[in-house]
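J.: the following block contains a protein sequence and its predicted model.
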2 protein chains.
Amino acid sequence: MKIIKSISHMRKQVLMWKKKGLSVAIVPTMGFFHKGHLSLMRAAGSRADRVVVSLFVNPAQFGPNEDLNRYPRDFERDAKMAEATGVNCLFCPDAKDIYPPGFQTWIRVEELSQGLCGTSRPEHFCGVATIVAKLFIIVQPNMAIFGQKDFQQLQVIRRMVKDLNMPVRIIAHHIVREPDGLALSSRNTYLNVKERESAPALFQALKIAEKMVVRGNLSVPEIIRAVKRHIQSFNNTKIDYVFLGHPESLRPCQKIVGESLLALAVWVGKTRLIDNTLLKPQVNHANRKDKSKDL
Amino acid sequence: MKIIKSISHMRKQVLMWKKKGLSVAIVPTMGFFHKGHLSLMRAAGSRADRVVVSLFVNPAQFGPNEDLNRYPRDFERDAKMAEATGVNCLFCPDAKDIYPPGFQTWIRVEELSQGLCGTSRPEHFCGVATIVAKLFIIVQPNMAIFGQKDFQQLQVIRRMVKDLNMPVRIIAHHIVREPDGLALSSRNTYLNVKERESAPALFQALKIAEKMVVRGNLSVPEIIRAVKRHIQSFNNTKIDYVFLGHPESLRPCQKIVGESLLALAVWVGKTRLIDNTLLKPQVNHANRKDKSKDL
């Protein structure tokens, strides 16, 4: 596995692959790999000839009071894990090269960046869109793999790619979970033992909602109430938001009439966790237009 | 010359050229070609194997009270002129394909888009940056040629290309003028006979400033005063701004200490004209660091 820090070297490496007709997939990450990352890397390897994993803790997507400085980092371990997973290139540029002096160009996906995580993290998706656009322009991948845990991020990037005519296929990867349902996240390392016991509340709440929908309860207020009640029954939890709405527009809905996104952000102690699921009403319960798109 | 409307056809055409190892230059335009445009096209042809001219009257760079609807258009004439100038491909996409339903991704070059034309046209450079980025992503040119008349636009695009790591060389082309000095612009067609007589005021004012600097007067307030006085001595003129400052940062300066940008925007009747020049103090007049960069 090649470890590349320089933007121009990365570009040259990809040009060499492209000249040989090889396809390239990128997996953008902030490092501190867990099984979720490795699953994205394997998905990339199964679809493309060459896999680039970018490892960049992007200052632009952290708010002023967020965890940029304490975000977990372990480059040696990450490099070993990526290599063992068959990654061809680990691209780990320096922040000073990504944001050189005088940097001032920002990409905003305006509507989709608002609401949900955008409410408590107002500049987060601008930082995400800008770094992902830069990575796509540098690496020129045929495809990019993103975890579905960051569902709003996925939709922001899909929209950016469409709006800016980027020739990159965006592939969503299922959420990888601990045995008790907690979605894998580098931030789970922040949780102490007590908090870790409360963390599965998110997954359990999603399951409660799924069951309600399967049983024919399509009332958004009732589902949201049940989700909130379950989460609040755990110690150390504080709900940031519970969203139920359209998975593409990310607009809230009052009644479930088709596949709908249920997304949560919950503080567990001082750690903010997110999770989501797609609620699929049974055809006999809803006037459902078939929207079985590959999300 | 090929005339291409479809984004995907444009992409395929460029891919075919790239496979043959041919270099590609783009000249982004809003059409209604004059000698200035043709000069850009010839400059492109002298530097690259293939020349793409984009012709798109970009709604996103017009303000709500600006001249989008009456902007001059003559596609047949433009196509003939481009073909006669040796252009390989005229790319004229539809607005509905460039800005499809739900479009919401905008690129802002924040500091450089403020001041000068950005003051009276607050969203103009966001519209410019976004369309140019889209054209660059679609056409993947090796280089792009821009006229130096739109000096702020040139610097916004240079910065965007640097910040977003776009592998495109930006080439500035000198201002092409009428015999009396008026800078060529599609908007000159708006001028009536009386207004046309006042229009050379801008060029003359730039020349007055150049002479002051050559003679050793490096006082910014004195130069600006002389420029304004000259323009105001013409009928039907109303100054939007007179800027004197650093050509890269576009920050105003109090004294001329190196190559400096003098840029003007002036209403002549209901037509807003712009022009600019680089003021170069003599080495014996200023503590000039040699900044003889290829602008």
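T.: Looks like it arrived, so ask away.
J.: what parts of chain A come near chain B?
T.: Applying Cβ under 8 Å from any Cβ of the partner chain, we find that chain A lies next to chain B at A:7, A:11, A:100, A:102-112, A:129, A:133-134, A:137-138, A:159-160, A:162-167. Every residue, glycine included, has its C-beta placed from N, CA and C.
J.: what helix or strand does A:Val27 sit in?
T.: Per DSSP states H and E: A:Val27 is located in strand A:24-29.
J.: that strand pairs with which strands, and in what direction?
T.: Here strand A:24-29 is paired, per DSSP bridges, with strand A:50-55 (parallel), strand A:143-147 (parallel).
J.: pick the most buried one from those.
T.: Ranked by mean neighbour count, the strands paired with strand A:24-29 are led by strand A:50-55 with a mean of 26 (mean count of other Cβ atoms under 10 Å in any protein chain shown).
J.: contacting residues around that one?
T.: With Cβ atoms under 8 Å, 6 or more residues apart in numbering or on different chains as the test, strand A:50-55 has contacts from A:10, A:14, A:17, A:22-31, A:37, A:41, A:44-45, A:75, A:78, A:82, A:86-93, A:135, A:139, A:141.
J.: re the thing from before, which ones among the residues of chain A next to chain B map onto helices?
T.: Judged by DSSP state H, the subset of the residues of chain A next to chain B located in helices is A:Ile7, A:Arg11, A:Ala129, A:Ala133, A:Lys134, A:Ile137, A:Ile138, A:Arg159, A:Met160, A:Lys162, A:Asp163.
J.: ok, these vs A:Ser260, which is closest?
T.: A:Arg159 (18.6 Å; Cβ to Cβ).
J.: how near is the closest one to B:Gln104?
T.: Distance, A:Arg159 to B:Gln104, by Cβ to Cβ, to the nearest Å: 6 Å.
J.: circling back to that earlier point, which of the contacts of strand A:50-55 count as buried?
T.: Burial by neighbour count, 16 or more other Cβ atoms under 10 Å in any protein chain shown: within the contacts of strand A:50-55 this picks out A:10, A:14, A:17, A:24-31, A:37, A:41, A:44-45, A:78, A:82, A:87-93, A:135, A:139, A:141.
J.: which parts of the stretch 101-250 of chain A are helices?
T.: A:117-120, A:124-139, A:151-163, A:193-198, A:201-214, A:220-232 (DSSP state H, counting those that start in this stretch).
J.: quick check: angle from the last one to helix A:201-214?
T.: Taking axes from the mean of the first three to the mean of the last three Cα atoms, to 10 degrees, helix A:220-232 and helix A:201-214 form an angle of 150 degrees between their directions.
J.: still on that earlier bit, run through who's touching the strand holding A:Val27.
T.: A:14, A:17-18, A:37, A:40-41, A:44-45, A:47-56, A:87, A:131-132, A:135-136, A:139-146.
J.: redo that, cut-off 6 Å
T.: For strand A:24-29, contacts defined as Cβ atoms under 6 Å, 6 or more residues apart in numbering or on different chains pick out A:14, A:17, A:37, A:40-41, A:44, A:47-48, A:50-55, A:132, A:135, A:139, A:141-145.
J.: need the contact list for A:Ala201.
T.: If you count contacts by Cβ under 6 Å, 6+ apart, then A:Ala201 has A:Ile231, A:Phe234, A:Thr237 around it.
J.: hang on, the earlier thing: ok, then the element right after the strand holding A:Val27?
T.: helix A:35-47.
J.: so where's the stretch 51-200 of chain A uncertain?
T.: Counting by pLDDT under 70, the stretch 51-200 of chain A has no low-confidence residues at all.
J.: break chain A into its domains for me.
T.: As given by automatic domain parsing, the domain ranges for chain A are A:2-173, A:186-278.
J.: can you lay out those as CSV showing distance to B:Asp67?
T.: CSV is the format used below for the domains of chain A (distance: least, Cβ to Cβ, whole Å):
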stretch, distance to B:Asp67
domain A:2-173, 25
domain A:186-278, 34
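J.: in the stretch 151-295 of chain A, what residue comes closest to chain B?
T.: Relative to chain B, the nearest point of the stretch 151-295 of chain A is A:Asp163 (3.6 Å; Cβ to the nearest Cβ).
J.: circling back: who's more crowded, A:Arg159 and B:Gln104?
T.: A:Arg159 (23 against 16; other Cβ atoms under 10 Å in any protein chain shown).
J.: how close does that one get to B:Met212?
T.: 52 Å.
J.: check the stretch 1-150 of chain A for the residue nearest chain B and tell me.
T.: For the stretch 1-150 of chain A, Cβ to the nearest Cβ, closest residue to chain B: A:Thr105, 3.6 Å.
J.: list the contacts of that residue.
T.: When contacts are counted by Cβ under 6 Å, 6+ apart, A:Thr105 touches B:Val109, B:Met160, B:Asp163, B:Leu164.
J.: with A:Ala226 instead?
T.: Here A:Ala226 is in contact with A:Ile208 (Cβ under 6 Å, 6+ apart).
J.: again, only using 8 Å
T.: Per Cβ under 8 Å, 6+ apart, neighbours of A:Ala226: A:Ala205, A:Ile208, A:Ala209, A:Met212.
J.: selecting buried members of these in PyMOL, what would you type?
T.: Buried subset of the contacts of A:Ala226, written as a PyMOL selection, criterion 16+ other Cβ under 10 Å:
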select buried, chain A and resi 205+209+212
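J.: how many neighbours does the closest residue in space to A:Lys207 that isn't next to it in sequence have?
T.: In space, and not counting its chain neighbours, A:Lys207 is closest to A:Gly181: 7.5 Å by Cβ to Cβ, 6 or more residues apart in numbering or on different chains. Residues lying near A:Gly181 (other Cβ under 10 Å) number 16.
J.: wait, doesn't A:Gly181 sit right on A:Phe203?
T.: Yes: using Cβ atoms under 8 Å, A:Gly181 is in contact with A:Phe203, at 3.1 Å.
J.: wait, A:His246 touches A:Cys253, no?
T.: Yes: using Cβ under 8 Å, A:His246 makes contact with A:Cys253 at a distance of 6.1 Å.
J.: done for today, thanks.
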